[in-house]
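In: Sequence first, then the predicted structure, then my questions.
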Amino acid sequence: MSVSSVNQSVRRWSAAAAIAAKVVNCRRVLQVITPSHMSGAEMQLVRLTRRMKARGHEMPVLVKYDSPAITEMLHQGLEVERARIGGKINVLAVHRIAKAAKRHRADLVQSTLSTASWWCGWLEALGGPKTVGHVQGFTSAAWHRRQSHLLAVSGAVRDDLVAQGIPAERITVLYNVLEPEEFRPQRDAAEVRAEFGAGARTPVVGTFGHLSVKKGYRELFAAMPQVLAAIPETQFWIFGQGDLKAELEQTARAGGFLGQVRFAGFRRDAASVMNAVDVMALPSHREPCALAYLEAALLARPIVACRAGGAPESVADGETGILVPVGNGAAVAEAILTLLENRDAARRMGEAGHQRARELFGWSRFISTLEGVYERVLAD
């Protein structure tokens, strides 16, 4: 090859590299999170970190030192740094986050969960790096007022922040995302069903979420007798941990249907067990953007949810699932029975949900939007 040809190739490569650099300005972003347990927000951070690192960004993660979520984060392959940053009266948290940001030469800091956002906001107010708060739920805007920009997981969360006085131009809606290869069953559905004592034709309703009042568990358990009166062999699989477990067990025991309920706790094989249920029911009172709805949709499971919060953005009523009024156990029961008694319609809803999830909740749109937010924040 001639020298002129080499020079032309170098110029072409340089031009292509310059274009790529304009498309992706690789950034050093310190991720700060203060979790009390491993749930949707924590898994979203794990997946986000993997994706952004693959794009060339540096994504060190700072986690409160005693978080029960750390074990699972490590199991998921996330490299974490621990620090005493928990608690909203822990004024030393700002200093510790500042030290981590300086050590990693962070261009900016991104927070997940309210305590992390509270201290990151103060870090910015005191002259530290600019910060972006990832708002994963309905929370007080006070925790985020000092941050440059906010990421809301749904339009409902954005509207709630605006109602509390946060300017709309400081908020970008960024739905939680998930793609099929990230949530793929590893076990046969028949094998999973056998584990729980269910046959191939046993109707199974699965619920995936922290055992708390706001997740709608009381309404779900109030619905169980009505469902069992119509379809006595139905099983209810409960996946999650929380303080409400003892109360729910007592409710089932007193109602005489404890034998039809399986309390399975936290499961790493969530894709496999969710793939073995017929209906995913999570009647949360005000769900911001439940990852469980996206997981169920990708596995083509029809969904029962409440017509509140961000659920109508995740579940298309009558198309990918059924939305019911908040706090109405009878409506939850009716929705579950509709899906169990009309299997063809339920199958069509599941398939529609799968297609919708692939179109609306993928990583390509998420990452391009997030990178755009980073550039705007740093340019301001």
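Out: Alright, I've got the coordinates.
In: Please count neighbours and contacts with C-alpha atoms only from this point.
Out: Will do.
In: I'd say residue 226 and residue 333 touch.
Out: Yes - with contacts counted by CA atoms under 8 Å, residue 226 reaches residue 333, the gap being 6.2 Å.
In: Those two: who's more crowded?
Out: residue 333 (23 against 18; other CA atoms under 10 Å).
In: what does the model give the more buried one for pLDDT?
Out: pLDDT, residue 333: 98.
In: ok, it to residue 324 distance?
Out: According to CA to CA, to the nearest Å, residue 333 and residue 324 sit 10 Å apart.
In: For residue 308, which residues are in contact?
Out: If you count contacts by CA atoms under 8 Å, 6 or more residues apart in numbering, residue 308 has them with 285-287, 325-326.
In: no, scratch that, I was asking about residue 87
Out: Taking CA under 8 Å, 6+ apart as the criterion, residue 87 is in contact with residue 115.
In: I'd assumed it was in a strand, is it?
Out: No - counting by DSSP: H, G, I helix; E, B strand; the rest coil, residue 87 is not part of a strand but coil.
In: Now do the phi/psi pair for residue 158.
Out: Dihedral pair for residue 158: phi -60, psi -50, per degrees, to the nearest 10.
In: Residues in a beta bridge with the nearest residue to it once chain neighbours are set aside, which ones?
Out: Among residues not flanking residue 158 along the chain, residue 152 sits closest, at 5.4 Å (CA to CA, 6 or more residues apart in numbering). With DSSP bridges as the criterion, residue 152 is bridged to residue 135, residue 173.
In: quick one: residue 152 and residue 174 touch, right?
Out: Yes - between residue 152 and residue 174 there is a contact under CA under 8 Å: 5.8 Å.
In: And those two? Which one has more around it.
Out: The residue with more neighbours, out of residue 152 and residue 174, is residue 152; 26 against 23, by other CA under 10 Å.
In: any idea how far residue 172 is from that one?
Out: 6 Å.
In: what residues are shared contacts of those two?
Out: In contact with both residue 152 and residue 172: residue 158, using CA under 8 Å, 6+ apart.
In: tally of neighbours for residue 323?
Out: Neighbours around residue 323, by other CA under 10 Å: 22.
In: Is it in contact with residue 309, as I believe?
Out: No - using CA under 8 Å, residue 323 is not in contact with residue 309; the gap is 11.5 Å.
In: where are the low-confidence patches of the stretch 201-350 of the chain?
Out: Counting by pLDDT under 70, not a single residue of the stretch 201-350 of the chain qualifies.
In: need the helices for it, in chain order.
Out: All helices of the stretch 201-350 of the chain, identified by DSSP state H, counting those that start in this stretch, fall at 217-230, 245-255, 270-274, 291-298, 311-314, 329-341, 343-360.
In: so what secondary structure elements neighbour the fourth one?
Out: In other words, helix 291-298. If contacts are counted by 3 or more CA pairs under 8 Å, 6 or more residues apart in numbering; DSSP states H and E, helix 291-298 sits against strand 303-306, helix 343-360.
In: Out of these, flag the one nearest residue 258.
Out: The minimum distance between residue 258 and those falls on strand 303-306, with 21.5 Å, by CA to CA.
In: which residues are in contact with that closest one?
Out: Strand 303-306 has contacts (CA under 8 Å, 6+ apart) with 279-286, 293, 296-297, 311, 315, 320-326, 332, 335-336, 350.
In: Buried ones from these, can you make that a PyMOL selection?
Out: Of these, the buried ones can be selected in PyMOL as follows, counting by 16 or more other CA atoms under 10 Å:
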select buried, resi 279+280+281+282+283+284+285+286+293+296+297+311+315+320+321+322+323+324+326+332+335+336+350
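In: quick one: contacts for residue 160?
Out: residue 138.
In: Am I right that it is in a helix?
Out: Yes - applying three-state DSSP, one finds residue 160 inside a helix.
In: from now on call the first residue 36
Out: Shifting the count to begin at 36 puts that one at residue 195.
In: Show the model's pLDDT score for it.
Out: Reading off the model, residue 195 has pLDDT 97.
In: Would you quantify the distance from it to residue 151?
Out: Where residue 151 is concerned, residue 195 sits at a distance of 20 Å (CA to CA).
In: Please identify which of the contacts of residue 343 is nearest to residue 216.
Out: Nearest member of the contacts of residue 343 to residue 216, counting by CA to CA, is residue 322, at 24.8 Å.
In: Just give the nearest non-adjacent residue to that closest one, would you?
Out: Sequence neighbours aside, residue 344 is the residue nearest to residue 322 in space, at 5.2 Å (criterion: CA to CA, 6+ apart).
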